[in-house]
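Asks: structure of the sequence below:
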Amino acid sequence: MNKRIAWMDTAKFLGIYLVFLFHAGENAGYMHAYSIQVCLHLFFLLSGCAESLGKNTSWKVCIVKNVRKLLIPYFLFAILAAAMNAIMHNTYTTVVSDALLILRGVPRNWFCAVSLWFLSCLFVIRLGFFALRKWLKKPAYMLAASLVLFVIGDYYVDRGHWLLSFFNIDNALYFMVFYVIGYCSFGLIRSVMELDTTRKKAIFFGLGGVLAGYTILVFFGKNPLYDLCSASRITRLLADLVHPLILAAFILVLAKLIEDLSFLQALGRESLFLCGSEFLTNMTLMTVIQYFSIMPNFANALSLYIYVMIVMTVAHRVFVPLEKAILNKLGC
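Replies: As a prediction, this is how the structure comes out:
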């Protein structure tokens with residue numbers, strides 16, 4: 001991508017902010033249950049959008065690019081997290097188990113740095129998507145194939161299959177469809193986001209109002225679409241697909257409205273690094289705070305929202321520059 005798109009960077013910030021809030025636990029209040037329903041789907045959707053701006057290259061270029069941009073950073077973040085985990089527990093015994101998990105692509109929810117599964121999963125999705133684009137060519141065929149993968153992934157994603165959990169292949173099967181939808185729909189999304197005509201503005205704000213109403217219901221624990229689609233397994237799968245897309249669409253609308261906030265754009269551009277640094281930053285910041293005999297008191301959800309923003313800012317100012325310097329030395 002030669003030129004950054006402001007609303008996409010802002011949407012990435014909103015996504016990574018929701019990820020941090022979800023990992024903060026139930027202290028996040030309503031945001032805890034809401035965030036997991038959209039943040040992952042949003043990131044895969046945005047990654048697919050970004051894919052549509054790239055060139056159709058060879059297998060060699062695709063693999064080398066994703067090894068440099070995803071796999072090597074993944075190993076760096078994972079090694080740093082494993083080192084921090086060993087220091088925290090004051091033992092070397094975690095190193096062996098963590099090393100084995102790292103080699104397996106840190107299956108989801110098995111590793112101390114819980115965010116890192118996303119990077120290994122995205123690596124698999126990008127290679128899988130490249131295969132779909134090479135072999136099927138037409139977007140309609142790619143979308144149909146990704147829907148089949150979605151159904152297969154839905155069956156396996158929570159079963160912990162020993163082979164499919166390797167590099168989170170099960171999750172890649174499930175989330176591939178959101179990546180493909182982002183790729184196929186980016187032209188339409190971008191056209192609506194331009195707001196260069198009265199008609200587009202009317203569509204944007206009218207649709208935004210409907211999406212906001214649905215999002216508010218979900219935020220406060222209601223699930224109208226699931227209530228409508230609870231009759232059968234097929235309609236339930238349809239809800240699993242459409243529901244997060246509605247929530248993601250509202251986040252895109254919100255991102256467009258606040259796209260001029262440059263600091264949020266900067267955080268969004270570093271969403272991959274913030275994802276990789278979450279565990280390291282959280283543990284370091286909490287240790288420093290407790291060293292000065294300060295115990296964070298999240299008296300309400302708002303206090304946690306502010307704290308999470310502080311954590312992200314510390315990662316942005318301290319850890320991300322160090323990680324970028326290391327990756328630059330590695331040629332990434």
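Asks: neighbours of Ala248, how many?
Replies: By other C-beta atoms under 10 Å, the residues close to Ala248 number 27. All C-beta atoms are positioned from the backbone trio N, CA, C, and that covers glycine.
Asks: what does the one 5 residues further on give?
Replies: Applying other C-beta under 10 Å, we find 21 other residues in the vicinity of Val253.
Asks: isn't it right up against Gly209?
Replies: No: counting by C-beta atoms under 8 Å, Val253 does not reach Gly209; the two are 9.2 Å apart.
Asks: and the one helix or strand Asn282 maps to, what does it pack onto?
Replies: Applying DSSP states H and E as the criterion places Asn282 in helix 271-291. Secondary-structure packing of helix 271-291 (3 or more C-beta pairs under 8 Å, 6 or more residues apart in numbering; DSSP states H and E): helix 6-23, helix 72-89, helix 117-136, helix 301-314, helix 320-329.
Asks: mind giving me the packing neighbours of the last one?
Replies: If I follow you right, that is helix 320-329. helix 72-89, helix 271-291.
Asks: may I see the buried residues of the first one?
Replies: Along helix 72-89, these residues count as buried under the neighbour rule (16 or more other C-beta atoms under 10 Å): 72-78, 80-82, 84-86.
Asks: equivalent analysis for the longest one, please.
Replies: By neighbour count, with 16+ other C-beta under 10 Å as the criterion, the buried positions of helix 271-291 are 271-285.
Asks: so who does Leu217 touch?
Replies: Residues near Leu217 by C-beta atoms under 8 Å, 6 or more residues apart in numbering: 223-224.
Asks: low-scoring pLDDT stretches of the stretch 151-300 of the chain, where are they?
Replies: Counting by pLDDT under 70, the stretch 151-300 of the chain contains no low-confidence segment.
Asks: which parts of it are helices?
Replies: Along the stretch 151-300 of the chain, the segments classed as helices by DSSP state H, counting those that start in this stretch run 169-193, 198-219, 224-228, 233-257, 262-269, 271-291.
Asks: which of those helices sits closest to Tyr34?
Replies: helix 198-219 (4.9 Å; C-beta to C-beta).
Asks: which pLDDT value goes with the closest residue to Ser185 other than its chain neighbours?
Replies: Closest residue to Ser185 apart from its sequence neighbours, by C-beta to C-beta, 6 or more residues apart in numbering: Cys49 at 7.9 Å. Per-residue pLDDT puts Cys49 at 95.
Asks: just the element for Cys49, please.
Replies: helix 39-51.
Asks: with Lys65 instead?
Replies: According to DSSP H and E, Lys65 maps onto helix 59-66.
Asks: pull out the buried positions in that helix.
Replies: Across helix 59-66, burial judged by 16+ other C-beta under 10 Å covers 62-63, 66.
Asks: with stretch 21-31 instead?
Replies: Residues of stretch 21-31 classed as buried: 21-24, 27-29, 31 (neighbour count, 16+ other C-beta under 10 Å).
Asks: what of stretch 107-122?
Replies: Neighbour counts over stretch 107-122 (16+ other C-beta under 10 Å) mark 107-108, 110-122 as buried.
Asks: dump the C-alpha coordinates for it into PDB.
Replies: Only the C-alpha atoms of stretch 107-122 are listed here, as PDB (Å, rounded to 0.1, in the frame of the first residue of the first chain):
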ATOM      1  CA  PRO A 107      -2.500 -22.600  19.400                       C
ATOM      2  CA  ARG A 108      -5.200 -20.100  20.500                       C
ATOM      3  CA  ASN A 109      -5.500 -19.600  24.300                       C
ATOM      4  CA  TRP A 110      -2.500 -22.000  25.000                       C
ATOM      5  CA  PHE A 111       0.300 -19.500  25.300                       C
ATOM      6  CA  CYS A 112       1.100 -16.800  27.900                       C
ATOM      7  CA  ALA A 113       0.900 -14.000  25.200                       C
ATOM      8  CA  VAL A 114      -2.600 -14.800  24.200                       C
ATOM      9  CA  SER A 115      -2.700 -12.400  21.200                       C
ATOM     10  CA  LEU A 116       0.100 -14.000  19.300                       C
ATOM     11  CA  TRP A 117      -2.100 -16.800  17.800                       C
ATOM     12  CA  PHE A 118      -3.500 -14.100  15.500                       C
ATOM     13  CA  LEU A 119      -0.100 -13.700  13.700                       C
ATOM     14  CA  SER A 120       0.400 -17.400  13.000                       C
ATOM     15  CA  CYS A 121      -3.300 -17.600  11.900                       C
ATOM     16  CA  LEU A 122      -3.000 -14.600   9.600                       C
END
